[in-house]
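> structure, please.
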Amino acid sequence: MYNFLNKAKGLTLAGLLAVSLPATAAMADLYKVTSIAPGLSPFVVNTAIAKVVNSHVPDVEFQVRATGAATKHMVDAANGKVDFLFGSPTINWLMAGNIGPFKDMADAPELEKKVGMIFSYQIGPYHYVTRADSGIETLADLKGRKVFAGPPGGAAKSVVLRNIADATGLTDADMDVQTFGFDAAIQAFQDDKIDVIVLPTNTPSPAIQQFALTKEIRILDVDIDKLKINAATGGTVNEIAGDAYGSNQKGGDVRTHGALVNFSAGLHVDEEVVYQVTKAIWENLSEIHETAVWMPNTIRKETALELIAGRLHPGAERYYREMGWEIPAATTFGKSN
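Numbering: from 1, shown residues only. Below you'll find the predicted structure:
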């Protein structure tokens, strides 16, 4: 049994939603795992991983926190404030190029180099959801309406607003773009305080299932032929079935966009810890698959290294090499990308 006790980490939980799952050791090192809101795919994935790690990796305890935007999580991991995180090639690209929320962060390109990927997965389609009686039937109808596109400063918000503009010509100035985190936005839509909420999440999404329990909803079609979907930053083309959320979902099948994202760790996390975490994930994959109906088609060995954003964490790379996995070249980003 390896000893991590000289690296114990404290957690501040005030104001945060934390999920702590029992570890196998009486005294385990605590590792902070960040995610976006409960009800969305990354939280489900990270919580499933935490359960496996806490059951199968001695002396390690994961605590999952749902707080803020993924862009902040990446910076926090680079600075050693959190340990494991939900990451995205889009965020690597934005940081490396000083783009969008990182345009005024001079050290963003260097911070991007301080996070390493463990595995990638498909986050699923972006759901553009409205009430069926809202009068909104296409994205062109968003003019003047209250729209949640993503948390302030988040990559999701940048992606959604750009794609609405490409598909319809509408800019954020043409809409009443709401400033919420994911949690508050989900509650605001449930309370009929906003007209449209856009959520990147696998199907069926618990959050959207909850909407459909109490109201008729419509998921808007996205004209993907007008979008600039960049596979190098994880962009994908997706479809949502017209019956994905039962009889309260109105309208037929719709097109939309999605993304490859990842589970990553700050490079400050010890190589041995990440090696053991990676090993536990793949050796207990069936336990992860049991947590959601979409999980077996999402967390898969066949696609785990489909897009290596920036770099693998050395601990994860060691595991994959020992197991004989084929490791493709990493996709790296810079100001010229």
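> and L85, helix, strand or coil?
Classification of L85 using DSSP: H, G, I helix; E, B strand; the rest coil returns strand.
> residues near it, how many?
For L85, the count of nearby residues is 27 (other Cβ atoms under 10 Å). (C-beta placed from N, C-alpha, C; glycine too.)
> same check, this time on the one 3 residues further on
Residue neighbour count, defined by other Cβ under 10 Å, stands at 29 for S88.
> so what does F333 look like in phi/psi?
F333 adopts backbone torsions of phi -130, psi 160, taken as degrees, to the nearest 10.
> which residues touch the most centrally placed residue in the chain?
Geometric centre of the chain, nearest residue: P42, 4.5 Å, by Cα atoms, centre = their mean. Residues near P42 by Cβ atoms under 8 Å, 6 or more residues apart in numbering: 35-36, 70, 86, 123, 261.
> same thing with I288?
45, 48-49, 52, 281, 295, 299.
> ditto for A78
111-112, 114-115, 266.
> try it again with 10 Å
Applying Cβ atoms under 10 Å, 6 or more residues apart in numbering to A78 gives the contacts 85, 95, 107-108, 110-115, 266-268.
> ditto for P314
Contacts for P314 (Cβ under 10 Å, 6+ apart) come out as 116, 265, 267, 269-272, 274-275.
> quick check on it: phi, psi?
Phi and psi for P314, reported as degrees, to the nearest 10, are phi -50, psi -30.
> picking that back up, which of the contacts of P42 fall in strands?
Counting by DSSP state E, the contacts of P42 place 35, 86, 123, 261 in strands.
> doesn't S88 make contact with the last one?
Yes: checked against Cβ atoms under 10 Å, the pair V261 and S88 is within contact range at 4.7 Å.
> overlap in contacts of those two?
Residues touching both V261 and S88 by Cβ under 10 Å, 6+ apart: 42, 70, 120, 123, 155, 200, 234, 309.
> bridging residues for the last one?
Note on A309: beta-bridge partners by DSSP bridges are T331.
> and stretch 279-287, how far out from the chain middle?
Mean C-alpha position of stretch 279-287 versus that of the full chain (Cα atoms, centre = their mean, to the nearest Å) differs by 20 Å.
> ugh, wrong one, stretch 255-266
In this view, stretch 255-266 has its centroid 6 Å away from the chain centroid, taken as Cα atoms, centre = their mean.
> one step back: pull the most distant pair out of the shared contacts of V261 and S88.
The most widely separated members of the shared contacts of V261 and S88 are P200 and A309, with 16.1 Å between them, by Cβ to Cβ.
> residue ranges of the helices in the chain, please?
Along the chain, the segments classed as helices by DSSP state H run 41-56, 70-78, 89-96, 108-112, 155-168, 182-190, 206-214, 271-283, 285-289, 314-322.
> compute the inter-axis angle for the second one and helix 41-56.
Just to be clear, that refers to helix 70-78. Interaxial angle of helix 70-78 relative to helix 41-56 (axes from the mean of the first three to the mean of the last three Cα atoms, to 10 degrees): 30 degrees.
> any idea of the mean pLDDT for helix 70-78?
For helix 70-78, mean pLDDT is 94.
> and stretch 148-161, average pLDDT?
Stretch 148-161 carries an average pLDDT of 91.
> that stretch: end-to-end distance?
10 Å (Cα to Cα, to the nearest Å).
> buried ones in it?
For stretch 148-161, the neighbour count (16 or more other Cβ atoms under 10 Å) marks 148-151, 153-161 as buried.
> can you check stretch 204-219 too?
Neighbour-count burial for stretch 204-219, counted by 16+ other Cβ under 10 Å, picks out 204-205, 207-209, 211-212, 217-219.
> what's the answer for stretch 234-249, then?
234-236, 238, 240, 244-245, 249.
> the nearest residue to V293 once chain neighbours are set aside: what's it in contact with?
Excluding its sequence neighbours, the residue lying closest to V293 (Cβ to Cβ, 6 or more residues apart in numbering) is P204, at 7.2 Å. P204 sits next to 124, 212, 240-241, 244-246, 249, 292-294 when contact means Cβ under 10 Å, 6+ apart.
> again with I197
Counted by Cβ under 10 Å, 6+ apart, I197 has contacts 127-130, 146-150, 178, 180, 182, 185-186, 188-190, 207-208, 211, 217.
> any weak-confidence spans in this structure?
Scanning the chain with the threshold set as pLDDT under 70 gives 1-26, 335-337.
> give me the nearest residue to Q209, chain neighbours excluded.
Y245 (6.1 Å).
> separation between that neighbour and R131?
Going from Y245 to R131 by Cβ to Cβ, to the nearest Å gives 13 Å.
> can you check G124 too?
22 Å.
> who has more neighbours, the two?
Set side by side, G124 and R131 show more neighbours around G124, with 25 against 18, by other Cβ under 10 Å.
> coming back round to it: identify the contacts common to Y245 and R131.
Counting by Cβ under 10 Å, 6+ apart, the contacts common to Y245 and R131 are 211, 217.
> sounds good, over and out.
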